[in-house]
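Q: Turn this into a model:
(one chain, ligands or ions: 2)
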Amino acid sequence: MNLEDKLFLDRYVVDEIPHLRIINLDKCAICKKQQCLYTCPAQCYKLEEGRVVVSYEGCLECGTCRIICDEYKNIEWKYPRGGFGICYKYG
Ligand code: SF4
Ligand code: SF4
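A: Ligands and ions are numbered 1, 2, ... in the order given. Down below sits the predicted model:
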């Protein structure tokens, strides 16, 4: 089973209030490693027209991005409100 198939098994109750955000996009522009782009298992971080963007809707709540953005500490992250977020069908 590939990653896309596994992610398809998850269920989400998406809150209209984002539980994570990039604090300062200017810092992403000077961030050399941009490690959020390749460490998020759900690929929530993407490059759009050369700028880093994040979509919180598919977040697995693993917390990786809040740790790996260690140079600029540029991600504000908290768990979704109660009743919202991911629901794992397995595990
Ligand atoms: S690692 Fe942090 S500062 Fe660098 S591009 Fe990603 S969010 Fe921006
Ligand atoms: S918490 Fe995990 S799944 Fe959610 S955006 Fe960060 S790295 Fe991606």
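Q: measure the residue most central in space within the chain to residue 38 for me?
A: Closest residue to the average C-alpha location of the chain: residue 44 at 4.3 Å, with CA atoms, centre = their mean. Distance from residue 44 to residue 38, counting by CB to CB, to the nearest Å: 12 Å. To be clear about C-beta, it is placed using only N, CA and C from the backbone, and glycine gets the same treatment.
Q: Check residue 85 too.
A: 23 Å.
Q: Pick out whichever of these two has more residues nearby.
A: residue 85 (18 against 10; other CB atoms under 10 Å).
Q: Excluding chain neighbours, what is closest to the more buried one?
A: residue 61 (5.9 Å; CB to CB, 6 or more residues apart in numbering).
Q: Can you get me a residue count around that neighbour?
A: 15.
Q: start the count at 50, not 1, going forward
A: Done: numbering now begins at 50, and the last item shifts to residue 110.
Q: what residues are up against it?
A: 128-129, 134-135 (CB atoms under 8 Å, 6 or more residues apart in numbering).
Q: One more pass at 10 Å, please.
A: Residues counted as contacts of residue 110 (CB atoms under 10 Å, 6 or more residues apart in numbering) are 68-69, 91, 126, 128-129, 134-135, 137.
Q: And those residues, which of them are buried?
A: 68-69, 91, 126, 129, 134-135 (16 or more other CB atoms under 10 Å).
Q: Return the closest of those with respect to ligand 2.
A: The closest of those to ligand 2 turns out to be residue 91 (CB to the nearest ligand atom; 4.2 Å).
Q: Could you pull up the residues touching the closest one?
A: By CB under 10 Å, 6+ apart, the neighbours of residue 91 are 52, 56, 59, 104-111, 113-114, 135.
Q: before we move on, what about residue 53?
A: residue 92.
Q: now do residue 85
A: 71, 77, 93-95, 101, 103, 113-115, 117-118, 123-124.
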